[in-house]
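J.: Structure for the following, please:
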Amino acid sequence: AAERKFFLSHPSYRHMADRCGTVFLQKQLNQQLTNHIRETLPSLRDKLQRQMLGLEKEVAQYKHFQPNDPSIKTKAMLQMIQHLQQDFERAIEGSGADGVNTMELSGGAKINRLFHERFPYEIVKMEIDEKVLRKEIAFAIRNIHGIRVGLFTPDMAFEAIVKTQIGRLREPSLKCIDLVVQELTNVVRAVTEKMQRYPRLREEAERIITTYIREKEQACKEQVMLLVDFQLAYMNTNHEDFIGFANASSDSQNAENTGKKLGKVTNQVIRKGYMAINNLGITARNKNYWFVLSSESLSWYKDGEEKEKKFMLPLEQLKLRDLESSFMSRGHMFAIYNPEGRNVFKDFKTLDLSCETQDDMDSWKASFLRAGVYPEKQTSEGTVGEGEEEGERRESVDPQLERQVETIRNLVDSYMKIVTTSCKDQVPKIIMFLMVNDAKAFINGELLAALYSTGDTQNMMEESADEALKREEMLRMYHACKEALNIIAEVSNVTLGGGASKMSTPSYGQSNAAPAPARRPPPPSASPRLPPARPAPGGLPPPMVPQRR
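T.: Numbering: from 1, shown residues only. Got it, this is the predicted structure:
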């Protein structure tokens, strides 16, 4: 080639002609590329092997997969139903740590909170309405006496008032059932998400389970209504916890306080957590404080370290009511106030508090309930006002009637304490027995038979288009990884087996090997240490080259 002839014939380059030209450059670049491949192949091979091992478990079921094979469809259905049973059991019973929700309560934990926080709060919210209750007792006593002047306290008034109060337990009990049904439906929807590979099977399984839960919901509501009817059918005034007529009239003040602050222990911390105060001005609005609720007071601090106390509020004679969130506030709000109109905190009539979620607000309300802070009472016409209070005082001027009202009031309070305690214990048990446990038994024993009874199992086990695309993509990726590993193995054999010279391609039809010394022209007579020859007239001097030693 002309290039090689030039380097061999030029006096300045002939001694290094084997290291000049495109052929030598190509050889050097090939050597560098070979070294780079040799260095990077191990890590690339490890990465592909890890990826391939990760795909093998999922691809194993797809290697010989036939979408229309009945045996494969049957096996897939059985596996899906088995996983659904395990996931539902885990969601309700709380067993296992896989997939635990760390953001909010769900499943069995939320149902437990409904039983022990939300349901008792709803009962107390409807149970005690002091002004209206006394008014009803006074009317009942007068109507029973009729035109006569009553000398004794009529026990029929007690029975009439107690039946009215027991009848009011229906609403919170039914509401508790509705909330449990809603949570069970959410659990079913969550556990069937793993069946999205077969959308028709998922839809049918969710429909069957939800329908069964709705059927059990009706049976559960009927049983709860029966429980209330049982209480209405017979007044057990011989109950060991009932104070009786003799004790009811002896000490009205003690009887009035009986059962109002259940489970209250002096200086007991009930709850701690963050809430925001919304009526402290623009600068402090929506600022979170660390609250500590005890059985006697509510304190709040700058933060959870509880070093800088902002205020301590005694809970004596305080009430609680809900507030509507405004555009200047955030979260769910409620207020603490004094029914007598006194300032609660500094110059504020109310202390407006807000929580970020509904669950937090319900938990705080239940905690205030344990501390003896009861919710605001409302009648069907609204909150009892001052006009009604004045009218009640004008009607209740008879001292004898006042004593009878106080006696009946204490009897009702004592008996309703027994009934509500029984209701708070029995309603969750009815819900668990007739609905939650039955739903688990149905899913474990009858769901598969119900699916087969539809007679359309083949259509139910049709894959979704997304699942088929996912399977094809996974198989393609698996085979690509396998082919890449084979190529890497071949390249490793070439680079590590001394075959690097085979990878270089000669130019100008010349061989990669260095030219034989015999073909090199004899060296010039001039010594290589002499300076290079002068350039020809009009020519350029040759480049300077290092001299040989």
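J.: Show me what counts as buried in stretch 289-297.
T.: Neighbour counts over stretch 289-297 (16 or more other C-beta atoms under 10 Å) mark Tyr289, Trp290, Phe291, Val292, Leu293, Ser294, Ser295, Glu296 as buried. For the C-beta atoms, the positions are set from N, CA and C on the backbone; glycine is no exception.
J.: Pull the residues that contact that stretch.
T.: Stretch 289-297 is contacted by residues 261, 264-277, 298-304, 306, 310, 312-316, 353, 364, 367-368, 370-372 when judged by C-beta atoms under 8 Å, 6 or more residues apart in numbering.
J.: Out of the residues you listed, which sit inside helices?
T.: Trp364, Ser367, Phe368, Arg370 (DSSP state H).
J.: now the last one: how far from Gln268?
T.: The spacing between Arg370 and Gln268, counted by C-beta to C-beta, to the nearest Å, is 9 Å.
J.: How about the third one?
T.: The spacing between Phe368 and Gln268, counted by C-beta to C-beta, is 14 Å.
J.: In terms of packing, which of these two has more residues around it?
T.: Legend: neighbour count by other C-beta atoms under 10 Å for Phe368 and Gln268, higher for Phe368 (24 against 13).
J.: report the longest helix in the protein, please.
T.: The chain, longest helix under DSSP H: helix 22-60.
J.: Which SSE is immediately downstream of that one?
T.: helix 70-93 (DSSP states H and E).
J.: ok now that next one, how far from the chain's centre?
T.: The chain centroid and the centroid of helix 70-93 are separated by 23 Å, computed with C-alpha atoms, centre = their mean, to the nearest Å.
J.: Output the contacting helices and strands for it.
T.: helix 108-113, helix 170-191, helix 199-233, helix 437-445, helix 447-453, helix 457-460 (3 or more C-beta pairs under 8 Å, 6 or more residues apart in numbering; DSSP states H and E).
J.: For Ile81, which of the ones you listed is the nearest?
T.: helix 447-453 (5.2 Å; C-beta to C-beta).
J.: quick one: buried residues of the closest one?
T.: Leu447, Leu448, Ala450, Leu451.
J.: quick one, what contacts the first one?
T.: Leu447 is in contact with Ile81, Leu84, Gln85, Ala205, Ile208, Ile209, counting by C-beta under 8 Å, 6+ apart.
J.: For the fifth one, give its distance to Gly445.
T.: Right, the one you point to is Ile208. 13 Å.
J.: Could you check which of those two is surrounded by more residues?
T.: Higher neighbour count among Ile208 and Gly445: Ile208, with 19 against 10, using other C-beta under 10 Å.
J.: can I assume the more buried one is in contact with Ala450?
T.: Yes - Ile208 lies in contact with Ala450 (C-beta atoms under 8 Å); the separation is 5.0 Å.
J.: before we move on, back to that, CSV for the contacts of Leu447, including pLDDT?
T.: As requested, the contacts of Leu447 are exported to CSV (pLDDT from 0 to 100):
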residue, pLDDT
Ile81, 90
Leu84, 91
Gln85, 91
Ala205, 91
Ile208, 93
Ile209, 94
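J.: Max pairwise distance over these: which two?
T.: Counting by C-beta to C-beta, the most remote pair of the contacts of Leu447 is Gln85 and Ile208, 13.4 Å apart.
J.: ok, back up a step: may I ask which of the buried residues of stretch 289-297 comes out lowest in pLDDT?
T.: Comparing pLDDT over these, the lowest score belongs to Ser295 (83).
J.: Phi, psi for that one please.
T.: Dihedral angles of Ser295 (phi, psi; degrees, to the nearest 10) stand at phi -70, psi -10.
J.: ok, Thr192 to Gly445 distance?
T.: 18 Å.
J.: What is the neighbour count of Leu25?
T.: Leu25 has 12 nearby residues by other C-beta under 10 Å.
J.: distance of it from Phe7?
T.: In terms of C-beta to C-beta, Leu25 sits 12 Å off from Phe7.
J.: likewise Ile487?
T.: In terms of C-beta to C-beta, Ile487 sits 38 Å off from Phe7.
J.: Check Met477 too.
T.: With C-beta to C-beta as the criterion, Met477 and Phe7 are 51 Å apart.
J.: again with Leu313
T.: From Leu313 to Phe7 the distance is 98 Å (C-beta to C-beta).
J.: ok, Ala76 - contacts?
T.: Residues counted as contacts of Ala76 (C-beta under 8 Å, 6+ apart) are Tyr198, Met461.
J.: can you dump the C-alpha coordinates of stretch 12-23 into CSV?
T.: C-alpha atoms of stretch 12-23 as CSV (Å, rounded to 0.1, in the frame of the first residue of the first chain):
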residue,chain,number,x,y,z
SER,A,12,12.9,9.7,9.1
TYR,A,13,10.3,6.9,9.6
ARG,A,14,11.8,3.8,8.1
HIS,A,15,13.3,2.7,11.5
MET,A,16,9.7,2.9,13.1
ALA,A,17,7.6,2.0,10.1
ASP,A,18,6.1,-1.0,11.9
ARG,A,19,4.6,1.5,14.4
CYS,A,20,3.2,3.9,12.0
GLY,A,21,0.1,3.9,9.8
THR,A,22,-3.5,2.8,9.9
VAL,A,23,-2.7,-0.8,10.4
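J.: got a pLDDT number for Ser464?
T.: 71.
J.: For it, give me its contacts.
T.: Gln196, Arg197, Tyr198, Pro199.
J.: Please repeat the previous calculation with a cut-off of 7 Å.
T.: Arg197, Pro199 (C-beta atoms under 7 Å, 6 or more residues apart in numbering).
J.: And it, how far from Lys163?
T.: 57 Å.
J.: can you check Gly304 too?
T.: With C-beta to C-beta as the criterion, Gly304 and Lys163 are 49 Å apart.
J.: For the closest residue to Asn279 other than its chain neighbours, give the beta-bridge partners.
T.: Distance criterion C-beta to C-beta, 6 or more residues apart in numbering; nearest residue to Asn279, sequence neighbours excluded, is Asp352 at 4.3 Å. On the basis of DSSP bridges, Asp352 is bridged to Ala335.
J.: ok, Asp352 - contacts?
T.: Contacts of Asp352 (C-beta under 7 Å, 6+ apart): Ile277, Asn278, Asn279, Leu323, Met333, Ala335.
J.: Tell me how many other residues crowd the third one.
T.: The one in question is Asn279. Neighbours around Asn279, by other C-beta under 10 Å: 17.
J.: For it, give me its contacts.
T.: Phe348, Thr350, Asp352.
J.: Just want the phi and psi numbers for the first one.
T.: Yep, that's Phe348 we're talking about. Main-chain torsions, Phe348, degrees, to the nearest 10: phi -100, psi 140.
J.: can you check the second one too?
T.: Dihedral angles phi and psi of Thr350 (degrees, to the nearest 10) take the values phi -130, psi 160.
J.: How many residues are close by it?
T.: 18.
J.: Does it touch Arg342 like I think?
T.: No - in this structure, Thr350 is not within contact of Arg342 by C-beta atoms under 7 Å, at 10.9 Å.
J.: any low-confidence regions in the protein?
T.: Across the chain, the ranges flagged by pLDDT under 70 are 61-69, 95-104, 127-130, 145, 147-154, 245-267, 281-286, 325-330, 377-400, 494-549.
J.: try it again with 50
T.: Flagging of the chain using pLDDT under 50 yields the residue ranges 251-265, 379-396, 499-520, 522-549.
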